[in-house]
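Sequence first, predicted model second:
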Amino acid sequence: MIFRQLFDPESSTYTYLIGDEATREAVVVDPVLGHERRDLDTLSQEGLRLSWVLDTHVHADHVTGANALKAATGAMTAVADACNAPGYDHALVDGERIAFGAEFLTAIATPGHTPGSTCFTWRDRVLTGDTLLIGGCGRTDFQDGDPRALYGSITRRLFTLPEATLVFPGHDYRGREQSSIGDERRANPRLAGRTEDEFVKIMESLGLARPRRIDEAVPLNKAAGPIAEGDVLWGSIPAASAAQAMGRAGVVVADLRDPNLAAADPLPGSVLVPYHDFDRMAELASRCSSLILVCGIGQRSMVAARELAAMGVKNVANVVGGIRSMRA
């Protein structure tokens, strides 16, 4: 079994790395920007290739490292469809399986902390994000949180898992690493023996301070995070929107793939531009209302959009998931 629990002391966030021993494919859940070197080193030490980067929700207390890991590895990024986060490659739905080699995680929609909060089951354990914590739960007083929805998510989705299921939370502020469904059902002070109305009263009386980084983190996290700390935020659009925009007046689509790949699988109506020719892209942007950058899987276009944003180009966006997603 390859299962690593990694920790960010600043936000008390747990990041999880899970790998398939046979194929060496891996998934990372809830990465934190600034720790990508640690995560990449861990992957290298285990001899793993990263296939997926998942977030349990749009975080308010830290910036996700999803795009940073994608840029380094080419992995796909995903978060729940209900998060309304267009920067990710894939929108997860309840019950969906995320495969990596012969292994898979199963997504469980658990709205309440946020509308798109999602937990992931794997083998004998569940990664609960901010939905269920050890002796607690996520707060519900911002980002459209709903205490009644959270109560239902925990009691009717998570607490119906086998009692021996190990609980690995998204945070812990006292150094605890895991619990179990049975322990939380019996002893969680916010939930054990509580009616829904009692739970709502507890949640509405917490009086917690507003998350310090929420104004910065939420917009960045809807875009799946920057590539590195200090980056400007670049524009992204879903593949379906890019496909619909092609051919519209004022829209230029730049294909950043290698010429041989573009010739073998042409994208009609696009302009072939060398991947590193940012001056050419900026010149195209100056002559249109919207410049859309696309490549095979969305990695080159993401890097190019980042560079153009740093140059001050405002009307440029990369296609999330690239031509592969547009074809789908």
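Happy to help now that I have it.

could you measure the residue sitting nearest the centre point of the chain against Ala187, distance?
Closest residue to the average C-alpha location of the chain: Asp55 at 3.5 Å, with C-alpha atoms, centre = their mean. Per C-beta to C-beta, to the nearest Å, Asp55 is found 28 Å from Ala187. Any C-beta I mention is one placed from the backbone N, CA and C, and that applies to glycine too.

Ser290 now?
55 Å.

With Ile98 instead?
Using C-beta to C-beta, Ile98 is found at 31 Å from Ala187.

next one: Gly135
Applying C-beta to C-beta, the value for Gly135 to Ala187 is 7 Å.

Between the two, which is the more surrounded one?
Gly135 (18 against 13; other C-beta atoms under 10 Å).

For the residue nearest to the centre of the chain, give me its contacts.
By C-beta atoms under 8 Å, 6 or more residues apart in numbering, Asp55 lies in contact with Val29, Asp30, Pro31, Thr64, Ala66, Thr77, Ala78, Val79, Cys83, Tyr88, Asn221, Ala224.

let's see it at 6 Å
Asp30, Thr64, Val79 (C-beta atoms under 6 Å, 6 or more residues apart in numbering).

is it fair to say Lys201 lies in a strand?
No - applying DSSP: H, G, I helix; E, B strand; the rest coil, one finds Lys201 to be helix, outside a strand.

And the strands in the stretch 51-200 of the chain?
Along the stretch 51-200 of the chain, the stretches classed as strands by DSSP state E, counting those that start in this stretch are 76-80, 90-92, 97-100, 103-109, 118-122, 125-129, 132-133, 136-137, 166-169, 179-180.

quick one: which of those strands is nearest Ala264?
strand 76-80 (22.3 Å; C-beta to C-beta).

what does that closest one contact?
Contacting residues not belonging to strand 76-80 are listed as 52-55, 66, 70, 85, 88-90, 92, 116, 118, 224 [C-beta under 6 Å, 6+ apart].

pLDDT below threshold where in the chain?
Across the chain, nothing is flagged by pLDDT under 70.

make it 90
For the chain, the stretches flagged by pLDDT under 90 are 86, 228-241, 246-247, 297, 299, 321, 324-328.

where do the helices sit along it?
When assigned using DSSP state H, the helices of the chain occupy the ranges 36-46, 66-73, 147-152, 181-187, 196-204, 214-222, 239-245, 259-264, 278-286, 299-310, 322-327.

Those: which one's closest to Asp8?
Short answer: helix 36-46, nearest of these by C-beta to C-beta, at 9.2 Å.

chain center to that closest one: distance?
Taking C-alpha atoms, centre = their mean, to the nearest Å, one finds the center of helix 36-46 at 18 Å from the center of the full chain.

Just want the angle from that helix to helix 66-73.
Compare the direction of helix 36-46 with that of helix 66-73 by axes from the mean of the first three to the mean of the last three C-alpha atoms, to 10 degrees and you get 50 degrees.

elements contacting helix 36-46?
The helices and strands touching helix 36-46, judged by 3 or more C-beta pairs under 6 Å, 6 or more residues apart in numbering; DSSP states H and E, are helix 66-73.

before we move on, back to that, nearest to Ser325 among the contacts of strand 76-80?
The nearest member of the contacts of strand 76-80 to Ser325, counting by C-beta to C-beta, is Asp89 at 6.8 Å.

What separation do you get for that closest one and Leu54?
11 Å.

if you compare the helices of the chain, which one is most tucked away?
Relative to the other members of the helices of the chain, helix 66-73 carries the highest mean neighbour count by mean count of other C-beta atoms under 10 Å, namely a mean of 25.

quick one: that helix to chain centroid distance?
On C-alpha atoms, centre = their mean, the centre of helix 66-73 falls 11 Å from the chain's centre.
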